[in-house]
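Peer 1: Fold the stuff below for me.
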Amino acid sequence: MKNHGWKDSFNTIMKKHNGYSADGGKAVSYATQQQRREVLLQGFRDLRELGYKFNTVMAFRGAHMAALAKKMGSWRPVGRHHSKPH
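Peer 2: Numbers count the residues shown, from 1 in each chain. As a prediction, this is how the structure comes out:
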């Protein structure tokens, strides 16, 4: 059986967790699931373009997030769980 590395681990995690809200409390729509999947896949594709290679997505660390943020320019998390800067 061929090892597909990070894609196999990505798909396993998506199958287990993508159907639920961040706190795991409620189901989310198919559109939300698709959007999450695409955003996360693009992030891993971008990291590969930057030279990062993963055998598993569980190897993702803060340095990888910093590299993505740098690639995107100025990045700041947004949403109801993050406070606005003063």
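Peer 1: Show me which helix runs longest in the protein.
Peer 2: helix 30-49 (DSSP state H).
Peer 1: what's that helix packed up against?
Peer 2: Applying 3 or more C-beta pairs under 8 Å, 6 or more residues apart in numbering; DSSP states H and E, one finds that helix 30-49 contacts helix 6-17, helix 62-72. Where you see a C-beta, it was placed from the backbone N, CA and C, and this is true even at glycine.
Peer 1: roughly how far is the first one from the heart of the chain?
Peer 2: If I follow you right, that is helix 6-17. Distance of helix 6-17 from the chain centroid (C-alpha atoms, centre = their mean, to the nearest Å) equals 11 Å.
Peer 1: Skip the chain neighbours and tell me the closest residue to the residue sitting nearest the centre point of the chain.
Peer 2: Compute the mean C-alpha point of the chain, and by C-alpha atoms, centre = their mean the closest residue is Leu40, 3.4 Å away. Nearest residue to Leu40, sequence neighbours excluded (C-beta to C-beta, 6 or more residues apart in numbering): Phe10, at 7.3 Å.
Peer 1: Does that neighbour touch Phe44 like I think?
Peer 2: Yes - assessed by C-beta atoms under 8 Å, Phe10 is found in contact with Phe44 at 6.9 Å.
Peer 1: what residues are shared contacts of those two?
Peer 2: Here Phe10 and Phe44 share the contacting residues Val57, scored by C-beta atoms under 8 Å, 6 or more residues apart in numbering.
Peer 1: Right, I'll call it a day here.
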